[in-house]
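# sequence and predicted structure, then a few things I'm wondering about:
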Amino acid sequence: MKERLTNVIKWFLMILGALFLIQILLVVGAILGVVGFANADLDFLNTDKKLKPAEPIIKYVEDYRAKNGKYPDKLEGIKLKKGLEYKYETTKDGNCYTITIKSKDQNLKKQYQYCMLDSENASSKSESYIEYSE
């Protein structure tokens with residue numbers, strides 16, 4: 001009887017030890033996950049830094065729209081940093097524009113699209129940013 005009781009206690013303590021070890025591993029994993037997420041580079045959420053090369057174009061286009069009520073059909077005289085080329089397009093109705101910036105030395109394109117629709121009863125804004133390599 002005494003031997004059976006010690007055997008049951010031994011198995012009970014081994015199961016408790018295994019559960020304790022699993023619990024410690026889960027807590028350590030959760031802490032590492034939180035620390036990793038806190039240090040993560042969430043740069044894809046911040047498009048302001050990525051749009052920095054296109055800022056002169058965006059500023060000119062938005063100023064033009066504020067004065068004339070639509071986006072310009074063509075851009076003239078806007079210069080970007082050395083090594084960057086841009087392509088500017090508008091929709092037929094003049095409510096949306098797309099800027100595509102290509103780096104000459106890299107095989108990388110950045111595309112920014114912005115639409116603003118205003119009517120008597122409603123207004124709508126949408127923007128998208130895509131970065132891709134050719």
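Good, I have the coordinates.
# for this protein, what helix or strand is lowest in average pLDDT?
Lowest on mean pLDDT, DSSP states H and E among the helices and strands of the chain sits helix 47-50, with a mean of 61.
# helices of this structure, start to end?
Per DSSP state H, the chain carries helices over the ranges 2-38, 47-50, 55-68.
# buried sites along the last one?
Going by neighbour count (16 or more other Cβ atoms under 10 Å), the buried part of helix 55-68 is 57, 60-61, 65. In short, each C-beta sits where N, CA and C put it, glycine included.
# same for that helix, what does it pack against?
Counting contacts by 3 or more Cβ pairs under 8 Å, 6 or more residues apart in numbering; DSSP states H and E, helix 55-68 packs against strand 84-90, strand 96-103, strand 108-118.
# any idea which of those strands is most buried?
Ranked by mean neighbour count, these are led by strand 96-103 with a mean of 18 (mean count of other Cβ atoms under 10 Å).
# strands paired with it, and their directions?
In the sheet, strand 96-103 lines up against strand 84-90 (antiparallel), strand 108-118 (antiparallel) (DSSP bridges).
# mind checking the pLDDT average for it?
Mean pLDDT, computed over strand 96-103, is 88.
# run the chain-centre distance for that strand.
With Cα atoms, centre = their mean, to the nearest Å as the basis, strand 96-103 stands 17 Å off its chain's centre.
# quick one, it and helix 55-68 angle?
Counting by axes from the mean of the first three to the mean of the last three Cα atoms, to 10 degrees, strand 96-103 lies at 160 degrees to helix 55-68.
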